[in-house]
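*Asks:* structure of the sequence below:
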Amino acid sequence: QVQLAESGGGLVQAGGSLRLSCAASGLTFSHFLMGWFRQAPGKEREFVATIDYVTGRTGYADSVKGRFTISRDNAKNTVYLQMNSLESEDTAVYYCALDRNWVLLRRTVSEYAYWGQGTQVTISS
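*Replies:* Numbering: from 1, shown residues only. Prediction:
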């Protein structure tokens, strides 16, 4: 059974940086997408970034492009989200997601089958 475990959330001042990690376990397949989504209070869960775990192709939401970087460590089955120049609008619970359909870089919640529990990121102004 696929399991995803996020870590690295916390409280940081505006303009600061954080790095989130997502470790995957229970994988029985080798090619997949891993993505990050976030959900702020009272809002729907939204796409942040995604990566093709084999080729390294990446996709980003316009709101984070140039500030966030998604990467992976194949040896550790771990994906990272480096977040720089954080803004108060980035405050949310961040979720890691995974799906076996890797042909397209998917950007919607319904296209990902596996989800982590989430990690809180709070930006203070």
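
*Asks:* please count neighbours and contacts with C-alpha atoms only from this point.
*Replies:* OK.

*Asks:* flag the shaky bits of this protein, pLDDT-wise.
*Replies:* Of all residues in the chain, none has pLDDT under 70.

*Asks:* quick one: the strands in it?
*Replies:* Taking DSSP state E as the criterion, the chain carries its strands at 3-7, 10-13, 18-25, 33-39, 46-52, 58-60, 68-73, 78-83, 92-99, 114-115, 119-124.

*Asks:* what's the span of stretch 75-95, first residue to last?
*Replies:* Distance across stretch 75-95, first residue to last, is 21 Å (C-alpha to C-alpha, to the nearest Å).

*Asks:* tabulate the strands of the chain in CSV, adding columns for distance to Thr108 and mean neighbour count.
*Replies:* Shown next, in CSV, are these (distance: least, C-alpha to C-alpha, whole Å; neighbours: other C-alpha atoms under 10 Å):
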stretch, distance to Thr108, mean neighbour count
strand 3-7, 18, 19
strand 10-13, 25, 15
strand 18-25, 18, 20
strand 33-39, 9, 25
strand 46-52, 6, 24
strand 58-60, 12, 19
strand 68-73, 17, 19
strand 78-83, 18, 21
strand 92-99, 10, 24
strand 114-115, 13, 18
strand 119-124, 19, 19
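
*Asks:* got a list of what the residue positioned nearest the centre of the chain touches?
*Replies:* For the chain, Trp36 is the residue whose C-alpha lies nearest the centre (C-alpha atoms, centre = their mean; 2.0 Å). Going by C-alpha atoms under 8 Å, 6 or more residues apart in numbering, Trp36 touches 47-50, 81, 94-97.
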